[in-house]
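>>> Would you be able to build a 3D model of this:
(6 chains)
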Protein chains: 4
Amino acid sequence: MTTKTKTSTAKKRTSIGSRRSPDAEAAVLAAARDLISERGYAGFSVDEVARRAGAGKTTIYRWYPTKADLFIAIYTTERSASVPVPDTGNLVADLVQYTTSLWRFWAAHPAGAALRGLIAEAQGTPEALSALRDRFLPERTADVRRILTDAANRGELQAHEVDDKISLWVGFSWLKLLIGELHKEEVISPVMMQIAGLSSRPKQ
Amino acid sequence: MTTKTKTSTAKKRTSIGSRRSPDAEAAVLAAARDLISERGYAGFSVDEVARRAGAGKTTIYRWYPTKADLFIAIYTTERSASVPVPDTGNLVADLVQYTTSLWRFWAAHPAGAALRGLIAEAQGTPEALSALRDRFLPERTADVRRILTDAANRGELQAHEVDDKISLWVGFSWLKLLIGELHKEEVISPVMMQIAGLSSRPKQ
Amino acid sequence: MTTKTKTSTAKKRTSIGSRRSPDAEAAVLAAARDLISERGYAGFSVDEVARRAGAGKTTIYRWYPTKADLFIAIYTTERSASVPVPDTGNLVADLVQYTTSLWRFWAAHPAGAALRGLIAEAQGTPEALSALRDRFLPERTADVRRILTDAANRGELQAHEVDDKISLWVGFSWLKLLIGELHKEEVISPVMMQIAGLSSRPKQ
Amino acid sequence: MTTKTKTSTAKKRTSIGSRRSPDAEAAVLAAARDLISERGYAGFSVDEVARRAGAGKTTIYRWYPTKADLFIAIYTTERSASVPVPDTGNLVADLVQYTTSLWRFWAAHPAGAALRGLIAEAQGTPEALSALRDRFLPERTADVRRILTDAANRGELQAHEVDDKISLWVGFSWLKLLIGELHKEEVISPVMMQIAGLSSRPKQ
DNA sequence: TTCTAAACGAGACGGTACGTCACGTCTTTCC
DNA sequence: GGAAAGACGTGACGTACCGTCTCGTTTAGAA
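Below is the predicted model of the structure:
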């Protein structure tokens, strides 16, 4: 839209005020991160974020209209380089490595709590549900999708199986996140084998 | 005190007041059911349940100290006979049939919304988390466990795989519940095959 | 007085059928006394009295349909002999002595708190107001009335002044009770002189 | 990450929130006035005030942390010009006139009920007691104090008697307020004479 | 440089829900 | 058959957050 130039009489002054303050944004995100990891979903309130960030509630609502947006922002700014995508040439090895990294990341950083919050929020709010399903999930499963697609290209599985395996992998990881069993890493390896399709065959 | 011969000190007044009113209990559960399915997790409040049930909040808190208890009660009283456990002698067939029944049950009855609420609640409240993980999950996965154990007895899989397959199955079903994709039943069959370990082998 | 007030563990009341149980009555009054003097008007509840007395609420309501009745009962059973009516033959001396005794009694015994509660209760409940004005006040001012009437008979004041002097005396004592200044006994003597009508005359 | 989040010393943003809304304040006081005079102390609840005022409970508690504060506010905003302070040059006349005005004011306006509520509240709450004794009483007896001091200056009484006479006057007026006998104005005149010290002397 | 619209911290506002407490009545069970 | 224990509906308590709305105060691009 920008200028508006010729609207005759009105003569709008097109320049418009101050710009989004990076300080405020950083302070809000930092406070939100601290809060979700300190007190969890139940203790997370916009009021308290504002209080800790020394920010006005209006400022927060301006940039993050819902809690879901805030949770996604926390998750996104954290994730950057913490979870590398392995490429060993072997599907099971890749999956085990990647899943282990991710679980540790969830357990160690506020992002884990943020994702739990996002999922909880999605159970009550349609907008949050759609943000989770249509925006967050596709983006955040791109890495596993690549791992699986690469394996399919190598012939380790068939292309039409990829989506279902992603669902199995997401479901399994979410389950462990949601019931607080991220520390039980010993289950990762056998389950990844089952997802990869290498479970031992029944004795003949 | 008078009589009672020699158990002098015991002296308990054993009579204990009024008993739990079945009317109130039924009204509360019915109201809770209606509310969770009408307005979802976000619109679910103890106040409103009390209002609809014509019950006092105290009465609700007496029997269901937390929302998690209420959700579990809703789920439990609903489930009774709605989800039959098949026994076709074939693992994949059993899983497909059972999962389909369950998803339809979740979609059609308040229990689905109640489970979503229970999971959401568990993200913020330690008690709810423990109720979900330690009480609800073991009980509610007994059926799949039986399906899998029977299959193991028939030699369709190995016994040590049962727990992991349960996790995969629960994770997958929860995922679809949580992101509102219970209606996409077409994924059930291929995924159950993968869980059963019958995924097509890579092309030689 | 003093009563037993719940001697710890032993001593279970054995209530038996038909007639009003003196044990129960005593336990209720003792509990009520303790409670009003421990926690004051705001902390006084029938529930708590029942709890402490080991009595059913129904039992309490049967004998004391309102809190006012309970307060009056506390006051009445306490007062018995604690406030002697002096008869020195001198009005001011009688008043000073009697008022001092009464203030000390109010300060030292639950009855003081009970009267405060009764007056408070009367501000919200018509029945309590009537009990206070029409039952409690006449009975409880009989002593001062006698002191004043005797003085009138001795010629120290005129008979028609008695009622007004009673009002002045009650108002003054209540005021000190209600604002918690019973300990300021030094005002008693000059004020009783004013009530008696012996205030120093203006300098000529 | 780190960010700076508010470098302490420099950089103060000096603005300070929204200001108290006069509309809300007026609505709350009006509702409180109506309620106390309609339903008395027992029927007075912050919930109901909020309901009638169309205000949030928080708003009420923000400005009036306790019921006592609310009662004092009702009393204070009402009193303004309703009770003129007479100055006839004669103590008894002044007292009679002033007391009559005050009793009529108490009987006719919500302030009377508010004072009854304040006194009742003070019997259970230490803060209310202190507000009543240390804040309300001194302010609200300033007028009688002036009447008495003026009289002392004219020689109608001695200065050291003023405080005691105030107590007598307050006690007497409160008594009549508390037992609901404000309409019996005929007692005012003789009692004010006694307070002034003009009671008939005993026959010699 | 001046003007002006937007962003900002602060916080008041009308609401809803929380979980607890007390009320006075009713019900169940024991003595 | 009276009394304990206590469940019940009602409704107030005081608190926490919600999301919206002023307030003045920066702040920075346009004129």
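>>> so what's the residue most central in space within chain A up against?
By C-alpha atoms, centre = their mean, chain A has its centre lying nearest to A:Y75, at 5.0 Å. Contacts for A:Y75 (C-beta atoms under 8 Å, 6 or more residues apart in numbering or on different chains) come out as A:111, A:114-115, A:118, A:136, A:140. For the C-beta atoms, the positions are set from N, CA and C on the backbone; glycine is no exception.
>>> So which of these is surrounded by the most neighbours?
Using other C-beta atoms under 10 Å in any protein chain shown as the neighbour criterion, A:A114 leads the contacts of A:Y75 with 27 neighbours.
>>> So which elements touch the helix or strand containing that residue?
Here A:A114 sits within helix A:110-122, counting by DSSP states H and E. Applying 3 or more C-beta pairs under 8 Å, 6 or more residues apart in numbering or on different chains; DSSP states H and E, we find helix A:110-122 packed against helix A:22-39, helix A:67-79, helix A:91-108, helix A:126-130, helix A:162-178, helix B:110-122.
>>> Just the C-alpha atoms of that helix, please, in PDB.
What follows is helix A:110-122, C-alpha atoms only, in PDB (Å, rounded to 0.1, in the frame of the first residue of the first chain):
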ATOM      1  CA  PRO A 110      12.700 -23.300  26.800                       C
ATOM      2  CA  ALA A 111      11.600 -24.400  23.400                       C
ATOM      3  CA  GLY A 112      10.500 -27.700  24.800                       C
ATOM      4  CA  ALA A 113       8.200 -26.100  27.300                       C
ATOM      5  CA  ALA A 114       7.100 -23.700  24.500                       C
ATOM      6  CA  LEU A 115       6.100 -26.600  22.300                       C
ATOM      7  CA  ARG A 116       4.200 -28.200  25.100                       C
ATOM      8  CA  GLY A 117       2.400 -24.900  25.600                       C
ATOM      9  CA  LEU A 118       1.600 -24.500  22.000                       C
ATOM     10  CA  ILE A 119       0.100 -28.000  21.800                       C
ATOM     11  CA  ALA A 120      -2.000 -27.300  25.000                       C
ATOM     12  CA  GLU A 121      -3.100 -24.000  23.600                       C
ATOM     13  CA  ALA A 122      -4.200 -25.600  20.400                       C
END
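>>> for the record, mean pLDDT for it?
On average, the pLDDT along helix A:110-122 is 97.
>>> can you list the weak-confidence ranges in chain A?
A:1-18, A:80-81, A:199-204 (pLDDT under 70).
>>> domain ranges for it?
For chain A, automatic domain parsing gives the domain ranges A:17-64, A:81-196.
>>> To DNA strand F, which of these lies closest?
Comparing the domains of chain A by their distance to DNA strand F (C-beta to the nearest atom of the strand), the top pick is domain A:17-64, with 3.3 Å.
>>> How about that closest one and DNA strand F, any contact?
Yes - in terms of C-beta under 7 Å from any atom of the strand, part of domain A:17-64 sits within range of DNA strand F, namely A:17-19, A:43-48, A:56-58, A:61.
>>> farthest-separated two in those residues?
Farthest apart among the residues of domain A:17-64 next to DNA strand F by C-beta to C-beta are A:G17 and A:G43. That separation is 34.9 Å.
>>> who has more neighbours, those two?
A:G43 (11 against 4).
>>> Please list the residues of chain A that sit near chain D.
Applying C-beta under 8 Å from any C-beta of the partner chain, we find that chain A lies next to chain D at A:23, A:26-27, A:29-31, A:53-54, A:77.
>>> quick one on the thing from earlier: contacts for the helix holding A:A114 next, please.
By C-beta under 8 Å, 6+ apart, the list of residues contacting helix A:110-122 reads A:33-34, A:36-37, A:40-41, A:44, A:66-68, A:71-72, A:74-75, A:78-79, A:105-106, A:128-129, A:131-133, A:136, A:174, A:177-178, A:182, B:119-121, B:123-124, B:178-179.
>>> What about A:G112, how many residues nearby?
For A:G112, using other C-beta under 10 Å, the count is 21.
>>> gap between it and A:V191?
Going from A:G112 to A:V191 by C-beta to C-beta, to the nearest Å gives 19 Å.
>>> got the buried residues for stretch A:97-117?
Using 16 or more other C-beta atoms under 10 Å in any protein chain shown as the test for burial, stretch A:97-117 gives A:97-100, A:102-106, A:109-117.
>>> Which residues are in contact with A:A50?
With C-beta under 8 Å, 6+ apart, A:A50 has these contacts: A:28, A:31, A:56-57, A:59-60.
>>> need the residues of chain A next to chain D in TSV with neighbour count, can you?
Converted to TSV, these look like this (neighbours: other C-beta atoms under 10 Å in any protein chain shown):
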residue	neighbour count
A:D23	17
A:A26	17
A:A27	22
A:L29	24
A:A30	21
A:A31	20
A:A53	24
A:G54	14
A:T77	16
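>>> Name the pair among those residues with the greatest separation in space.
A:G54 and A:T77 (19.2 Å).
>>> quick one on the thing from earlier: could the residues of chain A next to chain D go into TSV alongside distance to C:R154?
Below are those laid out as TSV (distance: C-beta to C-beta, whole Å):
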residue	distance to C:R154
A:D23	89
A:A26	90
A:A27	85
A:L29	89
A:A30	87
A:A31	82
A:A53	82
A:G54	79
A:T77	95
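>>> quick one: A:V49 and A:A30 touch, right?
No - A:V49 is not in contact with A:A30 according to C-beta atoms under 8 Å; the separation is 9.7 Å.
>>> what about A:L198, distance to chain C?
In this view, A:L198 and chain C are 66 Å apart by C-beta to the nearest C-beta, to the nearest Å.
>>> Next: A:V46.
On the measure of C-beta to the nearest C-beta, A:V46 and chain C end up 36 Å apart.
>>> For that residue, give me its contacts.
A:57, A:60-61, A:67, A:70 are the contacts of A:V46 under C-beta under 8 Å, 6+ apart.
>>> buried subset of those?
Here, 16+ other C-beta under 10 Å leaves A:60, A:67, A:70 buried among those.
>>> what's the closest of these to B:D163?
A:K67 (34.7 Å).
>>> show me what contacts the closest one?
A:44, A:46, A:117, A:121, A:128.
>>> Most widely separated two among those?
Top of the distance list for the contacts of A:K67 (C-beta to C-beta): A:V46 and A:A128, 14.2 Å.
>>> Now do A:E185 against A:L175, distance only.
For A:E185, the distance to A:L175 - C-beta to C-beta - is 14 Å.
>>> The domains of chain A into CSV, with extra columns for distance to B:P86?
Formatted as CSV, the domains of chain A follow (distance: least, C-beta to C-beta, whole Å):
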stretch, distance to B:P86
domain A:17-64, 37
domain A:81-196, 22
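>>> Among those, which comes closest to C:E161?
Per C-beta to C-beta, nearest to C:E161 of the domains of chain A: domain A:17-64, 65.2 Å.
>>> Is DNA strand E within reach of the closest one?
Yes - interface with DNA strand E: domain A:17-64 contributes A:17-21, A:24-25, A:27, A:53-59, A:62-63 (C-beta under 7 Å from any atom of the strand).
>>> buried ones in stretch A:154-171?
A:156-157, A:161-162, A:164-171.
>>> Please work out which residues outside it touch it.
So stretch A:154-171 is contacted by A:89, A:91, A:95, A:99, A:137, A:141, A:144-145, A:148-149, A:151-152, A:195-197, B:168, B:170-176, B:187, B:190-191, B:194-195, B:199-200, B:202-203 (C-beta under 8 Å, 6+ apart).
>>> at 7 Å instead, please
Residues outside stretch A:154-171 that contact it (C-beta atoms under 7 Å, 6 or more residues apart in numbering or on different chains): A:91, A:141, A:144-145, A:148-149, A:151-152, A:195, A:197, B:168, B:171-172, B:174-175, B:187, B:190-191, B:194, B:199-200, B:202-203.
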